[in-house]
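Below is the sequence, then the predicted model.
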Amino acid sequence: MDRSNKPSAIGLGKSLPQPTVSIQDNTVEASLPTGESVTVHLYGATVTSWKANGQEQLFLSQKAHLDGSKPIRGGIPVVFPVFGPPPKDHATSALPQHGFARNSTWEYLGKSSSESADSQGDMTVKLDFGLSHTLLSEEFRKAWPYEFALVYSVTLNKNSLMTALEVRNEGKENFDFQVLMHTYLSVEDISAVRVKNLESKTYIDKTQNATSHTEASNALAITGETDRVYQALDPAVPIIVSSAADDKPLFSITREALTDVVVWNPWIEKAKGMADFAPDEAYKNMICVEAGSVSGWQTLEAGDSWEGAQNIKSRL
Ligand SMILES: O=P(O)(O)OC[C@H]1O[C@H](O)[C@H](O)[C@@H](O)[C@@H]1O
């Protein structure tokens, strides 16, 4: 917004308090004057903390590797260009599970801040991160030899966090990709939450040999290992994680161009089996609601770009 000809909202001559951004130890942290903050590790451009309403909103394992030796277990890892184990005989076959974006070091491209469009006087801060073929390790570049560029934007508002990914094909040949924002939401007690707006949607159940099912529940309870890829959703209809006790929304997630949503909780045995997941009981304190485009492939023609995003609102 151009404020140049207008008096300041808090008195002539005084400027509005501005967001602050600090960079240290390969992390970028932004805070709003109203107290909210976000922390992003350059390794994977992984958001590892989002504080709003005086509380941490994201789950981060106590044994998450934060030194760049493994993808970070928690926060919001970015999955690109393949989701899950890569298929055989495919351009992504030589890549690790979930691709290379979450285990490559991104560059920080800078920040911008503005007044939020929706609430008077509140500020917004946006952090941009980049990854391209020139920044990949030799090993990843060999395994996926396309000329690409990713720009990942993390935007913090008073009540929401938006993450947006732009994928550019800077080469001369088409490439296929899948993409997903693997968000680990923090919850007090998994048995006390429900996931809404999935009723009648088709999902692939990865815990049952990838069989296809139709969601019967209008308020899904998580009562065991859950690993489902819900497909063909309307990105404008929010997925709501609500409190079972009073039906109040805890999180509401809308998407742009991301028509799949994965709901994942490892539950008791799988949680114990993951070396970087701690404490064992922490499966009770998280639910992954992952916005993505993963049930098919996006084909990006030479010179083209694509953009997808999620917007997570907290305790509305
Ligand atoms: O252990 P990771 O490679 O981080 O994957 C963690 C999980 O990611 C997604 O949610 C998949 O649907 C799961 O099948 C997988 O177990």
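Received it, and whenever you're ready, just let me know what you need.

residues touching residue 57, list them.
Counting by CB atoms under 8 Å, 6 or more residues apart in numbering, residue 57 touches 50, 51, 161, 185, 186, 251, 312, 314. C-beta: built from backbone N, CA, C; applies to glycine.

Over to residue 50?
Residue 50 touches 36, 37, 38, 39, 56, 57, 58, 156, 161, 312, 314, counting by CB under 8 Å, 6+ apart.

Which helix or which strand is home to it?
Applying DSSP states H and E as the criterion places residue 50 in strand 46-52.

what residues does the protein put near the ligand?
71, 84, 97, 98, 206, 227, 262, 264, 288, 290 (CB under 6 Å from any ligand atom).

So what's the residue count around the residue of the stretch 51-200 of the chain found nearest the ligand?
When scored by CB to the nearest ligand atom, the stretch 51-200 of the chain has residue 97 as its residue closest to the ligand, at 4.6 Å. Residue crowding around residue 97 was assessed by other CB atoms under 10 Å; the count is 12.

same question, residue 304
Neighbours of residue 304 (other CB under 10 Å): 12.

Kindly report the same for residue 127.
Neighbours around residue 127, by other CB under 10 Å: 25.

and it, what does it touch?
Taking CB under 8 Å, 6+ apart, one finds 21, 28, 30, 38, 40, 108, 110, 111, 153, 154, 155, 156 in contact with residue 127.

mind listing which of those residues are in strands?
If you go by DSSP state E, the contacts of residue 127 have 21, 28, 30, 38, 40, 108, 110, 111, 153, 154, 155, 156 in strands.

you'd agree the last one is up against residue 36?
When you say that, I think you mean residue 156. Yes - the criterion here is CB atoms under 8 Å, and residue 156 meets it with residue 36 at 6.0 Å.

Now the residue in the stretch 201-316 of the chain positioned nearest to the ligand. Nearest residue, chain neighbours left out?
With CB to the nearest ligand atom, the shortest gap between the stretch 201-316 of the chain and the ligand falls at residue 264, namely 3.5 Å. For residue 264, ignoring the flanking residues on the chain, the nearest one in space by CB to CB, 6 or more residues apart in numbering is residue 288 at 4.0 Å.
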